[in-house]
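K.L.:
Structure of the sequence below:
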Amino acid sequence: MAAVTKIVFLGASSASFGLSVFRDLCSTHDLAGSTLVLVARNAERLARAERVARLLNEKSGAGLKFESTTDWRRALDGAQFVVHSTVIDRNRLWRHDFEVPRKFGIRHTLGENGGPGALFFTLRTLPVVFDFVREMEQRCPQALFINFSNPESRIILALGQYSKLRSVGLCHGIFIARSHIALILGMPDEQVEIWGAGLNHFQCLMQIRDRQTGADLYPLLREKEKHHDPEVEPLTRGLFRSFGYWLGCGDGHVGEYLPFGWEAGEGGYNFGWDEGERAKRERKRFRIGG
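P.N.:
Numbering: from 1, shown residues only. Sure, this is the predicted structure:
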């Protein structure tokens, strides 16, 4: 990749995806010489995120260059890639996305990527996304918009219909599917190689192989799954037995795309756990970034 590549990261101070995106970018030397422009609204959090990114870059030898700004419009000038990871008051409003439909008899699992909850989420997210997109159409029309925000599939669908920008949706969720499979197989996660296609978070794993030998692990998975704890991902496993392919990533997410998905459980997202994990990540980033 050319050394002049400019990558703009909208939402660089994200407690969830900020660190993971930094980790991913610093896990390769292919981007050496590229400039990563970090963008966020809160200057203090942005400065902390930049210090963490620079430390990861230094330790990994990734060879990236950094800039940071709260002026997202100017940041887009001449960008080749724009990574998007922003959300509006995520957990507070997501609770409404889940709880309001339930009051009217809608049975669902999460209310994030499928069903009426995802519609609410989409309607409040798209205006923000298209603020970025319309500016990109003027400042960097050849750039690739890489979306890391939910509801992933609906955002990408809207971009495909109402913008000529190139766009793609990415998610780390497929690795959750790999972890479930590795658990059943009794193998380390990193030994299991998967190839999937589909929607976020409804990927069909087309191949499951042993990374060391290249062997097809689907036959072994079919055998071991029969004797695994029946309480683990029962919806996903029922679909696996019916259709022969593993769908990811987890019953809660898979259930969002099926009218009977609520059978996997109607407890909703564990917001308390999520808030706790975000607080931990913020404390860690504070310790690292000062």
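K.L.:
Would you mind pulling up the elements that the longest helix along the chain packs against?
P.N.:
Longest helix in the chain, counting residues (DSSP state H): helix 115-139. Applying 3 or more CB pairs under 8 Å, 6 or more residues apart in numbering; DSSP states H and E, one finds that helix 115-139 contacts helix 72-75, strand 81-84, helix 90-103, strand 144-147, helix 152-162. Where you see a C-beta, it was placed from the backbone N, CA and C, and this is true even at glycine.
K.L.:
Among those, which comes closest to Arg283?
P.N.:
Using CB to CB as the measure, helix 90-103 is the one of these that comes nearest Arg283, at 17.7 Å.
K.L.:
Would you mark the buried spots in that closest one?
P.N.:
Neighbour counts using 16 or more other CB atoms under 10 Å place Arg90, Trp94, Asp97, Phe98, Pro101 of helix 90-103 among the buried residues.
K.L.:
Also stretch 17-29?
P.N.:
Of the residues in stretch 17-29, those buried under the neighbour-count criterion (16+ other CB under 10 Å) are Phe17, Gly18, Leu19, Val21, Phe22, Leu25, Cys26.
K.L.:
How about stretch 53-71?
P.N.:
Of the residues in stretch 53-71, those buried (16+ other CB under 10 Å) are Ala53, Arg54, Leu56, Asn57, Ser60, Ala62, Leu64, Ser68, Thr69.
K.L.:
Next one: the last one relative to Leu56, how far apart?
P.N.:
This means Thr69. Shown here: Thr69 relative to Leu56, a distance of 20 Å by CB to CB, to the nearest Å.
K.L.:
Grab the two from the buried residues of stretch 53-71 that are most spread out in space.
P.N.:
By the measure CB to CB, Ser60 and Thr69 form the most distant pair in these, at 23.5 Å.
K.L.:
where does the protein dip in pLDDT?
P.N.:
Filtered on pLDDT under 70, the chain yields the residue ranges 1-4, 285-286, 288-290.
K.L.:
ranges for the helices of the stretch 151-290 of the chain?
P.N.:
Under the criterion DSSP state H, counting those that start in this stretch, the stretch 151-290 of the chain contains helices at 152-162, 174-185, 218-225, 234-243, 251-254, 271-289.
K.L.:
contacts for the longest helix of the chain?
P.N.:
By CB atoms under 8 Å, 6 or more residues apart in numbering, the residues outside helix 115-139 that reach it are 10, 72-73, 76-79, 82, 84, 86-88, 93-94, 96-98, 100-101, 106, 108, 110-112, 143, 145, 147, 149-151, 154-155, 158-159, 162-165, 256.
K.L.:
Now do it against helix 90-103, angle only.
P.N.:
Using axes from the mean of the first three to the mean of the last three CA atoms, to 10 degrees, one finds that helix 115-139 and helix 90-103 are set 140 degrees apart in direction.
K.L.:
begin at 302 from here
P.N.:
Sure, I'll start numbering at 302, so the last one becomes helix 416-440.
K.L.:
what angle separates helix 416-440 from helix 453-463?
P.N.:
50 degrees.
K.L.:
In helix 416-440, which residues are buried?
P.N.:
For helix 416-440, the buried set under the neighbour-count rule, 16+ other CB under 10 Å, comprises 416, 418-419, 421-423, 426-427, 430-431, 433-434, 436-437, 440.
K.L.:
What is the distance between it and the centre of its chain?
P.N.:
Averaging C-alpha positions (CA atoms, centre = their mean, to the nearest Å) puts helix 416-440 16 Å from its chain's average.
K.L.:
same question, stretch 340-348
P.N.:
Distance, stretch centre to chain centre, for stretch 340-348: 21 Å (CA atoms, centre = their mean).
K.L.:
again with stretch 496-515
P.N.:
Relative to its parent chain, stretch 496-515 has a centroid offset of 16 Å by CA atoms, centre = their mean.
K.L.:
can you give me the end-to-end distance of that stretch?
P.N.:
One end of stretch 496-515 sits 13 Å from the other (CA to CA, to the nearest Å).
K.L.:
What are the contacting residues of it?
P.N.:
Contacts made with stretch 496-515 from outside it, assessed by CB under 8 Å, 6+ apart, are listed as 414, 451, 453-454, 470, 472, 474-475, 478, 482, 488, 491-495, 516-519, 522, 546-551, 554-555, 557-558.
K.L.:
go with 7 Å
P.N.:
Contacts of stretch 496-515 from elsewhere in the structure, counted by CB atoms under 7 Å, 6 or more residues apart in numbering, are 414, 453-454, 470, 472, 474-475, 478, 482, 492-495, 516-519, 522, 546-550, 554-555, 558.
K.L.:
Kindly report the same for stretch 376-385.
P.N.:
Under CB under 7 Å, 6+ apart, the answer for stretch 376-385 is 306-312, 322, 338, 340, 370, 430, 433, 436-437, 440-441, 444-450.
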